[in-house]
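Peer 1: Need coordinates for the below:
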Amino acid sequence: MPDIGFLNGRFMPLEQAMIPVEDRGFQFGDGVYEVIRTYRGIPYQLEAHLARLERSAQAIGLSMPYCVPEWREFVKEGIRLGGHDESKVYIQVTRGVAPRDHVFPAATSPTAVLTVRALRPLDAALRATGVGAATLEDLRWGRCDIKSVNLLPNVMARQKAKEAGAFEAVFVRDGKVTEGAVSNVMVVRGGVLATAPEGERILSGVTRSVVLALARQEGVTVQEQAVSLEELRRADEVFLTGTTVEILAVVRLDGAPIGTGRPGKLTGLLSARFQASLG
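Peer 2: Reported below is the predicted structural model:
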């Protein structure tokens with residue numbers, strides 16, 4: 001099946017989608033993005049992802065080239081053209097093409113990019129055994145709630161985690177856990193589920209919201225409040241949430257076991273409830 005590209009209103013094979021050198025996304029990282037996956041060929045939580053795309057664009061003063069209904073149809077058409085069993089859809093909007101200058105150009109049209117590739121699910125063995133994570137100082141900019149294409153700190157953190165034999169990097173700022181490089185982080189202690197609160201320090205994930213709602217439906221006490229690094233280390237369970245990782249147990253942190261060193265009971269329950277919610 002082909003990988004599909006979309007550039008400014010036109011679909012094409014992905015390898016034909018090109019942007020000019022002076023696009024501000026390339027020059028400055030002046031843009032925002034979203035990643036959407038499908039289940040049974042249907043884009044999951046599409047409206048929530050598109051709403052967050054609009055919020056991110058608004059936060060950096062970027063005019064959206066298309067309205068939500070138009071994006072919705074573009075996503076569905078891209079999935080249809082790709083014809084994959086399951087798809088991963090990437091949307092990126094930049095401020096457009098203009099001579100290189102730090103200030104916003106007086107008049108330019110945003111660049112809209114969409115790609116559709118086959119979704120490669122996480123190895124089932126990782127879900128069964130859990131993964132390792134490494135803690136790193138959070139050196140990112142102060143507006144992590146904006147899904148910016150400026151991902152160099154995340155890239156560097158993920159690389160350091162890989163070199164340490166870990167799956168994910170967990171950011172820590174001023175002694176408090178913020179989030180993972182590609183995920184949100186959930187901590188379980190004494191049956192209570194805690195995670196960093198919404199705000200400028202984290203990107204509030206779509207899957208994060210779904211999982212917290214499922215936990216509350218199960219009668220679990222949920223605390224959206226700061227978690228210290230020490231509390232993370234002494235947790236009974238830790239798991240990650242995200243579009244591609246779904247719910248993934250962390251069983252080792254900086255080489256030391258979390259809890260029993262195996263995926264925990266609440267992690268398993270919420271994973272089951274999440275899968276059941278997909279229909």
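
Peer 1: residue ranges for the helices of the stretch 151-279 of the chain, please.
Peer 2: With helices called from DSSP state H, counting those that start in this stretch, the stretch 151-279 of the chain shows them at 152-163, 206-217, 229-233, 265-277.

Peer 1: hey, which of the ones you listed is tucked in deepest?
Peer 2: Among those, the stretch with the highest mean neighbour count (mean count of other Cβ atoms under 10 Å) is helix 206-217, at a mean of 19. Backbone N, C-alpha and C define where each C-beta goes, glycine included.

Peer 1: Which other helices and strands does that one contact?
Peer 2: helix 46-59, strand 184-189, strand 192-195, strand 222-224, strand 237-242, strand 246-253, helix 265-277 (3 or more Cβ pairs under 8 Å, 6 or more residues apart in numbering; DSSP states H and E).

Peer 1: Reformat these as a markdown table; add distance to residue 9 and mean pLDDT.
Peer 2: Written out in a markdown table, the entries for the helices and strands packed on helix 206-217 read as follows (distance: least, Cβ to Cβ, whole Å; pLDDT from 0 to 100):
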| stretch | distance to residue 9 | mean pLDDT |
| --- | --- | --- |
| helix 46-59 | 17 | 98 |
| strand 184-189 | 33 | 98 |
| strand 192-195 | 39 | 98 |
| strand 222-224 | 39 | 98 |
| strand 237-242 | 30 | 98 |
| strand 246-253 | 32 | 98 |
| helix 265-277 | 34 | 97 |
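
Peer 1: Can you tell me which of the ones you listed is most buried?
Peer 2: strand 237-242 (a mean of 26).

Peer 1: Keeping just the C-alphas, turn that one into CSV.
Peer 2: Once side chains and other backbone atoms are set aside, the C-alpha atoms of strand 237-242 remain, and they are given as CSV (Å, rounded to 0.1, in the frame of the first residue of the first chain):
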residue,chain,number,x,y,z
GLU,A,237,3.1,1.2,39.3
VAL,A,238,4.1,3.6,36.6
PHE,A,239,2.7,3.6,33.1
LEU,A,240,2.8,5.8,30.0
THR,A,241,-0.1,7.0,27.8
GLY,A,242,-0.1,8.2,24.3
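
Peer 1: Return the residues in contact with residue 137.
Peer 2: For residue 137, the contacting residues are 171, 172, 173, by Cβ atoms under 8 Å, 6 or more residues apart in numbering.

Peer 1: top of those by neighbour count?
Peer 2: Neighbour counts for these were taken using other Cβ atoms under 10 Å; the highest belongs to residue 171, with 24 neighbours.

Peer 1: For that one, name its beta-bridge partners.
Peer 2: Residue 171 forms beta bridges with residue 136, as assigned by DSSP bridges.

Peer 1: Now do the contacts for it.
Peer 2: When contacts are counted by Cβ under 8 Å, 6+ apart, residue 171 touches 135, 136, 137, 138, 140, 157, 177, 178, 179, 180, 181.

Peer 1: will you turn the helices of the stretch 151-279 of the chain into JSON lines that also has distance to residue 88?
Peer 2: What follows is the helices of the stretch 151-279 of the chain, written out as JSON lines (distance: least, Cβ to Cβ, whole Å):
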{"stretch": "helix 152-163", "distance to residue 88": "17"}
{"stretch": "helix 206-217", "distance to residue 88": "14"}
{"stretch": "helix 229-233", "distance to residue 88": "29"}
{"stretch": "helix 265-277", "distance to residue 88": "18"}
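
Peer 1: quick one: which of those is nearest residue 45?
Peer 2: The stretch from those with the least distance to residue 45 (Cβ to Cβ) is helix 206-217; that distance is 4.8 Å.

Peer 1: Run through who's touching the closest one.
Peer 2: 45, 48-49, 52, 184, 186, 193, 195, 222, 224, 241-243, 246-247, 266, 270, 273-274, 277.
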